[in-house]
Each structure stands twice: as C-alpha cells, then as structure tokens.
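K.L.:
Please work out how this folds:
(3 chains)
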Amino acid sequence: MSYEIAVLTSMSIAILFALSLNLITGFCGQVSLGHAAFYGIGAYVAAMLTKADLALPIALIPAAVMAGLVGVLVGIASLRVRHDFLAITTMGVGFLFVGIVRKQDALGGEIGISGIPSVAFGRPGLLLLALVCMVLFILLSIYIRRSWLGFAFESISDDEDTARTFGIDVSKFKLLAFVVGTAGAGIAGGLYAHHIRFIGPDSFGFVESITVLAMVIVGGIGSIAGVAVAAAVLATLPLWLQFVDDYKLLIYGSLIFITMRFAPTGIAGIVHTLWQKRQAK
Amino acid sequence: MLAIELVIQGIVQGAIYALIALGLVLVYGLLRILHVAHAALYTLGAYIGVIIVNQGGHIIFATAVAMVAVGFVGIGVYRFAYKPLLDKPPLIALIASIGLFIAAEEIYRIIFGAYGMSFAQPPLQQQIELFKGFHLSTARISVVILSILFIGVLGWLAASTRTGIAWRATVSDAGMAASFGVNIEKVRYINFFIGSALAALAGVMVALLNNLVEPTMGAVPAYKALAIIVLGGLGSVRGTLVASIALGIIESFGTIYLGHVMDRDAIAFTFLIIVLMIRPQGLLTRR
Amino acid sequence: MSLLEVQNVSIRFGGVDAVRGVSLAVEEQQLLGFIGPNGAGKTTMMRIIMGMVRPQQGSVEFRGKDITQWSVQHRVQLGLALAQQIVKPLHSLTLLDNVALAAGARHMRNPLQAFLNVDRSEARDQARNLLDFVGIGNVNNAFPSEVPLGFIKRMEVARALALEPGLLLLDEPLAGLNQTEARDLADLIASLVTPSRSVLLIEHNIGEVARICSEIYVQENGQRLMQDKAERVMASAALRQAYLGEHKA
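P.N.:
Residues are numbered from 1 along each chain as shown, chains lettered A, B, ... in the order given. Model prediction:
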C-alpha cells in the first residue's frame, strides 16, 4: 500500500509541476528553460520552515510566494527579451539558482538539506495534500482557459504585437502568467521536498527543467489533459521499470527529440488527429 | 602578477569557448536554430582524439581525424534532425536539439563508460617559461595559437573565396542568394562541416588541458556557448569572438573574487543576464 | 477641433528622413483618403499615429489628448484601431474568434478583469454580426490559413470595427485584390463612416480612393503635398508631377 501511495504522490506532484509550466509556456507562449529553479525555491523554503516546526500546508504559502516573487523578476526579464533570447535567459536563471544555492552554508551547500520532517498523518496525509493541490491547479487551469484571461494569453502566445492592437496590455498579462506559473512550481517543490525528505542543489538543475519541459511538450503544448497524462507517465515510468531508471535520460532525450521531429503537437495533437479521422469516417 | 595570470587563463578559456561558439553562431546565422547538440559533437571529438592517441596515433593525426569525422557527423545531424524542422517555429528545433544532446550524452556513457577516459601518456605537457616566473604548458599555448589560426583562416576564406562569399550571401539573405545561383543546401553542408570540425578541435584541446574526457563534458560548454552567442548578438561572428574572450576573463576573475557566493557557471550566467537586461540585442550589435 | 491632429512630425531611420515635418488632420465623421507614390512614407505615418514608432519631433493629438508618448494599447483603448497592410490574423484562432477577441477587448483591460469574466457568447454574437456585415459570415469557423487573402482582409476590418473605434486606420486594404474584389471592399469601406466613426484610408489604388473619398491627403517623399477636396486634388498638376514626375523629366 505504501508503495502505491508513494507512486501516486510522485504523480500528483509531477502533474502540478508540469501544469505550472504549461501556464507559462503553453497558455502564454513564454519559453522557460529554468522552471526547476522555482521548484527548488519552493522546496528550500518549505523545508526550512517545516524544520522550524511550521505545518507543511502553511509552509506551502510562503514557498509559493517566494517562488512567485522571483518569478516576477524573470517575468520582467521576459519583457526585455523574446523568443530565443528569453529561452537562454531563463536557462541562465536555472544555472544561477543552482550556482548560488551550492555556495550557501545556510542552505546546506553542496550537501543540501536532510531530515525534512514528515507531514501530519504521514504518507497518506502528504498524498492527500498533493492531490488537493493538484486538483485545485487543474481546476484553475481549466477556468483560466475558459476565461477572457485565457483568451488574452492565447492572443499573446500567437502574436504579441497583434495582441497590442486589441488594446491588451501585454506586459501585465505576461507577468501574471509568470507569477501564477512559478508560484505553482513553488508549491510543487514544497511537496516534493517532503516526499523525498532530502533535497540538494542537484535536484533542481537543468535536467529537471528539461524533464518538466518534456512533460509539457510530449503532452502537447497548452493542452491540460495531454500535459497531465504525459506528466503522470513520465514521472512514474522510472518507478515501474528499473531498466527505464538506468536509461532515464536516454529515454527522456529520445522522447523529446522524437516528439519534436515527428509529432510537434504531442499526445494531445495525435489524439486530436485520430479523433478527426474517426469523425470523418 | 595575479591579475596577469588571471587574464592569460581567461584568454585560454576564452579561446576554447570561441572554437565551440563559432560553430553555433554559424548554424544560427544560417538556420536560426540554437544548436545545443553541437556540444555533443565537441565531446565526440574529444573521445576520438583520446582513443586514437592511446592506440599509438600522433596527436596531430588524431586531431585531424577527429575534426574530419565529427565534421561529417555534423552534416548527418543537419540532414537527419534539423532539415525536416526548418519550416517549424524555432523553439521546436531548440527543444529537439536539447533532446538529441541529452540522448547523445547517455549514449556516450553507455559506450565509453561513465568514468571517463584519459591519455595513457598525455602529449604537449612540457612547461614553457613565458616570462620570469610564469609558466604555461604547451597544450595551453597550442589552444590559443590554433584558435587564432583557424579563426583567422576562416575569416580570410569567408572574405575572399567564392564559397566564402556564397556563404555570407546566404547568411544575409538566403532567398536572394538562391536567386543568384548559390546552392543553399551545399552552403549548409559546408557550414555544419566546418562548425562541427571546430567543435571537435575544441574537444581534443580540452581533453589535453584536463587529461580527462567524460560523457557529460559537453554539458557546461553547451549552455555557456549559447550564452556566448546570445551575448555576441546572435548571428554576429565578431560579437561571438569578443563575448568568448570577455566571458573567459570574467570567469577567471569571478571565481577568485565571487567564488564564495556562486559557482563558475552562475558567474557566467549572471554576466549574461546583466548584459541582456541592459542591451537586449547583445554586446556589439546595434539595433 | 479635429478628431485626429498630427502636427509637424518628423522621423529618421538610420540617417534617412522617412517623414519630415508632416501635419495631417482627420475630422469627425470623415472618410479621408491618404495617397502617395511608393516610398512616400504612408505606412510610417500610420505607424506614428498608432504608436508603433515614436516621432523624433512633433505631436499626435486624438480626441483632444496629446498621445505622442502613449503605448499602442492605450491608444487603442482611447479609440484608435488599425487594419494593417500585411495581414496579421491570429493563426491559432478561427475567423470568428479573431473578431470575438477584439469585440471583448474591454474585458481584457487588465488581467484581473479578464480573469473574472468568463462569458464569451456576447462577444461571439457581436463578432458574428460584424463578419456578416463585412460579407464573410459564411466562413465563421474557418482558420485564417484556410481562406483566401480577401477574406482575411475583410476579417481584419471586422476585427478593427469590433474595437468600436472613433477613428479606423486602414493601411492599403485593397492591395493584392482583383478589380471586383477591390471595388466591393471599397464600397464597404465607404459605408463604415458614421457620426461616431471616421476612417483614414491609406491606399495605393487612386481610382478607388477618388471614387469613395470626398477629401484626400497627399504625401510625397516624406512630406505633405496637399490636403483638399477630392476633385481638386485629382485635377492638380502637383499630383501628376508626384506620380508621373519621373516620366516627364
């Protein structure tokens, strides 16, 4: 039973993390190659606070706030640079986070933080908390998609200069996408720290940023259901198959490459095409 | 004295960055693709170099073979990976390239082992006294000389040969170049060949400097080279060279004076972010 | 006071004068034609009025406010709208949603307001009416890549109208259309002027401009040539000189 609980917890956290990036990259069209930094900020903040005897559900709030605040800074950067330049800037933010944390004794330096306390009601309690956060974020995503906010994001993602000619204040909308997306990643990170109970700078490096981007892309950029399915599968695959764990990066790398090369619209795109073919028959 | 040493170290490091980044900027200029997998070719070049030397080959022979072989692999990467993606948004190719790079690192690990490889008898290690009390290994000096040599020859080729002129025409306006009878496809092949060969050269040089080749040795240069071509203004060869040397020097000073706050990579990216916020179009290019 | 007053604007790009000391006025309820040979700086003027570039000299006033330093989105919110020469449809949206997005622009003045508004049916109804009005109601659900250029140009006019502008800027809407299409679209443009809406029509097709506009502004080589009643402009020697000058000399 405890094994299943652990798997489900990993899955919920991964879905939350992937959907938080989907909001920035999928909805609003802003690339981020450094999303793991915000996952890391959330993880460190939450871990430090629960070690100081705060309850996790409460500690998640400052974790989200802190990640969101740094997210605003990156969002401001996104107003200065676009496309390829933005991709590289966000990648830089990821390296900056790891490079700074590595040198802070207060954050455990290279070794990281261990002995992170368990949550009230133990493993099932954590799973419940992760599920609640995940469901809330899914609902938020669905709501945003349907609202005028989602419509505005879509236009910015498509062509921000044209969006301006509709009177849309593109800067404010981009900043909002970064705040909500990075705060979501902060919550996911806080949960992750208490799931693994040990964190270090290398848990939040470039590979993690690419992994979460792979979930968004393999699922289908922008598609809530597609991204959730891809996140669930990619997060749990290594747990099911020891073989996959050994060759995890090879499989991730190949999956990203093959998806881009042969089906850039991802799972959601493939399902959509198949569905249309069925309708046509 | 320390300052001069740091500057020289920075120039050696910068020369290596320049060799790697040059291939990237050539690809970007031609295809508008951020070719992350370029660093996988650099690693491949290093492995080929070490293996040939350890089999008894001379270092110059090994470097030449590595450059030619990797040059052809580079053409293969273009044909197989990028050509079909040219009409897609550039982000698609960037992400595909990252995927390819990660997969390639794992393939090296599976084939060559996780713990890396060294020269049985490392060549070019004798120390030469440059001036009083200051020594530099032959390998370091070769890095700087070879970089200047290759970059100089390339610059001359681009300025004064038919192929070079065709290449520059294609970079500035591919459609126009095609209408003047330039074979764009051929230019792209040459481009990937030269860029990848330079990466292989850089790989062998780094193998000499560190006497170690690892599957993941490309990771940091991959991302740093991206930072460099962005700093250089994406597409400007001169900007890329200036940014390479600047970054090499800033890193060597930074690790001494900022080393307790952040690591070497973080210093590089701090520099990148600061420059981009002040000059979003890069160091040298004008808007 | 005029609805739009551009006064003495100048702009240089890389050492070249694109526009030099130009003044131009559009009145309430007016259809003003804006003509000039290639390279006259017509599109640059439109970009200055819209705020996509800032003039180095001079001022732009709209509805009595000095908007010279305003951003594009604030000018749109004040009542300027634009259909560009090079069509810019949002490719991921249907024609209907392209227009509905503009029709609901007031929901998107700030992110919070956009977040709190969910209902799209009103904007879609409005968009449907506008697409009917511009004559392409039958292809509502097509994507921009699936219809010919003429349809997209009409969609862009509908999209600009959806913003309920006081002044509509049209940049060469007839370019690339055949004679019948151009004539039909020109008739439609003529019908857009209402007591609360003026139109500034930048166009290369002088014949259609002379047919539908009562007043015409002429620019040549980045400078104002004249602004007068259509028949007087068309009869003037200066206009012939501007368009045919190179043949005479």
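
K.L.:
hey, let's count contacts and neighbours off CA atoms from now on
P.N.:
OK.

K.L.:
Now do the helices in chain A.
P.N.:
Here chain A has its helices, by DSSP state H, at A:2-21, A:36-51, A:56-80, A:83-101, A:122-146, A:148-158, A:160-164, A:170-196, A:206-219, A:224-240, A:242-246, A:248-262, A:266-280.

K.L.:
Point out the other helices and strands that the fourth one packs with.
P.N.:
Contact partners of helix A:83-101 among helices and strands, from 3 or more C-alpha pairs under 8 Å, 6 or more residues apart in numbering or on different chains; DSSP states H and E: helix A:36-51, helix A:56-80, helix A:206-219, helix B:90-112, helix B:219-231, helix B:264-278.

K.L.:
for the first one, same thing?
P.N.:
Counting contacts by 3+ C-alpha pairs under 8 Å, 6+ apart, helix A:2-21 is packed against helix A:122-146, helix A:170-196, helix A:206-219, helix A:224-240.

K.L.:
Could you export it as PDB, keeping only the C-alpha atoms?
P.N.:
The C-alpha coordinates for helix A:2-21 follow below in PDB (Å, rounded to 0.1, in the frame of the first residue of the first chain):
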ATOM      1  CA  SER A   2       2.700   2.400   0.900                       C
ATOM      2  CA  TYR A   3       4.400   1.800  -2.500                       C
ATOM      3  CA  GLU A   4       1.200   2.800  -4.300                       C
ATOM      4  CA  ILE A   5       0.900   5.900  -2.100                       C
ATOM      5  CA  ALA A   6       4.400   6.900  -3.000                       C
ATOM      6  CA  VAL A   7       3.700   6.500  -6.700                       C
ATOM      7  CA  LEU A   8       0.500   8.400  -6.600                       C
ATOM      8  CA  THR A   9       2.200  11.200  -4.600                       C
ATOM      9  CA  SER A  10       5.000  11.500  -7.200                       C
ATOM     10  CA  MET A  11       2.400  11.500  -9.900                       C
ATOM     11  CA  SER A  12       0.400  14.300  -8.400                       C
ATOM     12  CA  ILE A  13       3.400  16.500  -7.800                       C
ATOM     13  CA  ALA A  14       4.700  16.000 -11.300                       C
ATOM     14  CA  ILE A  15       1.300  16.900 -12.800                       C
ATOM     15  CA  LEU A  16       1.200  20.100 -10.600                       C
ATOM     16  CA  PHE A  17       4.700  21.000 -11.700                       C
ATOM     17  CA  ALA A  18       4.100  20.300 -15.400                       C
ATOM     18  CA  LEU A  19       0.800  22.300 -15.400                       C
ATOM     19  CA  SER A  20       2.500  25.200 -13.700                       C
ATOM     20  CA  LEU A  21       5.000  25.400 -16.600                       C
END
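
K.L.:
in it, what's buried?
P.N.:
A:5-21 (16 or more other C-alpha atoms under 10 Å in any protein chain shown).

K.L.:
quick one, phi psi at the residue lying closest to C:G166 once chain neighbours are set aside?
P.N.:
Residue nearest to C:G166 in three dimensions, not counting chain neighbours: C:R197, with 4.6 Å by C-alpha to C-alpha, 6 or more residues apart in numbering or on different chains. Recorded main-chain torsions at C:R197 are phi -140, psi 130, according to degrees, to the nearest 10.

K.L.:
burial of C:R197, as a residue count?
P.N.:
Neighbour count of C:R197, defined by other C-alpha atoms under 10 Å in any protein chain shown: 20.

K.L.:
which residues does it form a beta bridge with?
P.N.:
C:T194 (DSSP bridges).

K.L.:
so what's it up against?
P.N.:
C:E28, C:Q29, C:Q30, C:P165, C:G166, C:L167, C:L168 (C-alpha atoms under 8 Å, 6 or more residues apart in numbering or on different chains).

K.L.:
Stretch A:46-62 spans what distance, first to last residue?
P.N.:
7 Å (C-alpha to C-alpha, to the nearest Å).
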